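> sequence first, then the predicted structure, then my questions.
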Amino acid sequence: MGKITENAKYIIKLSLEADSLVERPDIVGAIFGQTEGLLGPGMDLKELQESGRIGRIDINFKESKDEKTKAEIIVPSNLSASETALLAAAFETIDKVGYTKARVCLQEIKDIRESKRAFIEQRSKEILEKLYEKTPDTKETLNKLQRDLKIKKIREYNGLVGGPEVLKSNEIIIVEGRADVINLLKYGIENAIAIEGSKVLPQIKDITKNKIVTVFLDGDRGGDLILKRLKQVVNINYVARAPDGKEVEELTKKEIYQCLKNKRKVLIKINKKLPENFKEKLKPIIKDMLGTKEVKLLDSDLKEIHKTSYDELPQLLKTAELDNVSVILMDGKLTKELAEQIEKKGINLVVCFDSERFKTKMKVLCIHDF
């Protein structure tokens, strides 16, 4: 029947129904006989087969009932889309097989290249996945390069490791381990130093002397113990904590700067029994305030640095920094909500007319204590 086209672009599928029993040669003969000369010399079926532009015509018979014939005709085509459609339409003009009436209908023209494209797409994904498995991740390589560069910046200070700006900077950040220092270096923070372990070495006291000290701890219970031990050696100004369950070494840049932004001022503890001269200095100030509903904010030397009314105190606590305030004197009642606001500001002592009962880390005295 001619050459078989190995690179068919399309498959023409047609259904045939004849009114009596017919054989394969009868159907093939009808196809070639009734289409001969129908489409002109350039589309002669025999010539197309001989040139390999269409392949071998296959006929698959289906179950026949009532002495009728049903079959599927399959024609591979390497013609263009328009020529293939023209050929399919020509097949539908067949109305006889031998002496029997017949009907030929197009079922579909399948684009073989479409299935090839689908295969290529799927296969390329598989190949790419294997390639990625073998190829180093660029991001991972860059991160490793950054880590290596940051490690080179690490310095040693009397047995402790830290960033290159530890001695030069007037602020210092104490972290738990070497990995924390490396992560902070990665995001441009070069004044961190690691204590490395729960034991606080005494040399940290000399390194932090005359500096503003922030302790940056992991978000677990271990951080509380380290903070307690650090307070025995270092004058701590602020404490920053990683989110619950996270460690400083695994924080992103955004998380690190957010934690440092939210650092809390450390309260300086005052002994329960205050020196007599301390009370003596406060007595005349408190006496003058009685009945005024005033609030006075004092520094650590008991010098007045701000004055407001009792009613305006909550707003002042919300909006003002109050970093230099150590003592608040108020002619009014200290409520739990007010105490929470004051405690957040890191204020050491509150002297009030009266107070609700609540737990607080601050020292709270009432006027009758004087």
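On my side now, so go ahead.
> ok, longest helix in this protein?
Ranked by residue count and defined by DSSP state H, the top helix of the chain is helix 112-134.
> what are the contacting residues of that helix?
8-11 (CB atoms under 8 Å, 6 or more residues apart in numbering). (C-beta placed from N, C-alpha, C; glycine too.)
> by pLDDT, give me the weakest of those.
Least confident by pLDDT among those: that is Ala8, with 84.
> Provide a list of residues in contact with that residue.
Going by CB under 8 Å, 6+ apart, Ala8 touches 55, 76-78, 112.
> now Ile193
157, 160-163, 166, 172-175, 181, 204, 207.
> coming back round to it: with pLDDT as added columns, please give the contacts of Ala8 in CSV.
Shown next, in CSV, are these (pLDDT from 0 to 100):
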residue, pLDDT
Gly55, 91
Pro76, 94
Ser77, 92
Asn78, 91
Ile112, 86
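> what's the PyMOL line that selects buried ones from those residues?
Applying 16 or more other CB atoms under 10 Å to the contacts of Ala8, the buried members can be selected in PyMOL as follows:
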select buried, resi 55+76+77+78
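> quick check, nearest of the contacts of Ala8 to Glu190?
Lowest distance from Glu190 to the contacts of Ala8 (CB to CB) belongs to Ile112, with 64.0 Å.
> and that closest one, how far from Asp58?
Ile112 sits 15 Å away from Asp58, going by CB to CB, to the nearest Å.
> now swap in Asp299 and tell me
Distance of Asp299 to Asp58, computed by CB to CB: 101 Å.
> kindly provide the distance from Lys228 to Val234.
Separation of Lys228 from Val234 (CB to CB): 12 Å.
> and those two? which has more neighbours close in?
Val234 (20 against 10; other CB atoms under 10 Å).
> leaving aside the residues next to it on the chain, what's closest to the more buried one?
Counting by CB to CB, 6 or more residues apart in numbering, Val234 lies nearest to Thr208, which is 5.2 Å off, once chain neighbours are set aside.
> check contacts around the one you found.
172, 174, 234-235.
> OK, contacts around Gly162?
For Gly162, the contact set (CB under 8 Å, 6+ apart) comprises 154-155, 181, 191-194.
> tell me where the stretch 1-150 of the chain has strands.
In the stretch 1-150 of the chain, the segments counted as strands under DSSP state E, counting those that start in this stretch are 10-18, 58-61, 69-77, 96-97, 100-111.
> centroid residue for the chain?
Per CA atoms, centre = their mean, the C-alpha nearest to the average position across the chain is that of Thr252, at 10.2 Å.
> just the pLDDT for that one.
Predicted confidence (pLDDT) for Thr252: 93.
> Pro284 versus that one, what's the distance?
54 Å.
> same question, Lys333
Using CB to CB, one gets 22 Å for the distance from Lys333 to Pro284.
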